[in-house]
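S.K.: Below are the sequence and a predicted model; questions follow.
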Amino acid sequence: TTPAAQNGSWSLEMTKATAVSSASYGYIELGTLSTSTSYTVTAYVYWPSSNTGGVSNFTMNLLSDSGSGWSANNFGTSPTVEDSWEFVTITGTTAASLGAGEPKVNLYMGTSAALNDVVYIDNIVVTQN
């Protein structure tokens, strides 16, 4: 069952497209942010208990690899409860140079999550520190 949006009338749904033992990735482009600047990204995350993998199989990450736009890797914390909207937060500094579509929040579904497990993300807020 799709949960009611945490805020407003809709939320982002990410469905795992790979089987158990393979991770699945997505991302959210954050739009125009300043370079070499610290930001905090917050969101509400909903992990249904009907998923095969446990709630620890999802994190939001800020990565320094090419195309992500962050100065260092910052791995977010996983939500801790199922069937409830949970507030998650991560902080990072943007890279000295940003390309098209950068920076991004990387969405990670771990190897224990099953094909077609889902996570819902809502009310994403980016704040300059």
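M.R.: Yep, that arrived. Numbers count the residues shown, from 1 in each chain.
S.K.: In contact with the closest residue to residue 17 other than its chain neighbours: list those residues for me.
M.R.: Leaving aside its chain neighbours, residue 17 sits nearest to residue 24 (5.5 Å; criterion: C-beta to C-beta, 6 or more residues apart in numbering). The way it works is simple: take the backbone N, C-alpha and C, and place the C-beta from them, glycine included. Contacts for residue 24 (C-beta atoms under 8 Å, 6 or more residues apart in numbering) come out as 16, 17, 18, 108, 109, 113.
S.K.: how much space is there between residue 86 and residue 46?
M.R.: 7 Å (C-beta to C-beta, to the nearest Å).
S.K.: Which positions within stretch 101-114 qualify as buried?
M.R.: 102, 103, 104, 105, 106, 107, 108, 109, 110, 113 (16 or more other C-beta atoms under 10 Å).
S.K.: of all the residues you listed, which comes closest to residue 60?
M.R.: Residue 60 lies nearest to residue 105 out of these, by C-beta to C-beta, at 5.3 Å.
S.K.: quick one: pLDDT of that closest one?
M.R.: pLDDT, the model's per-residue confidence, is 94 for residue 105.
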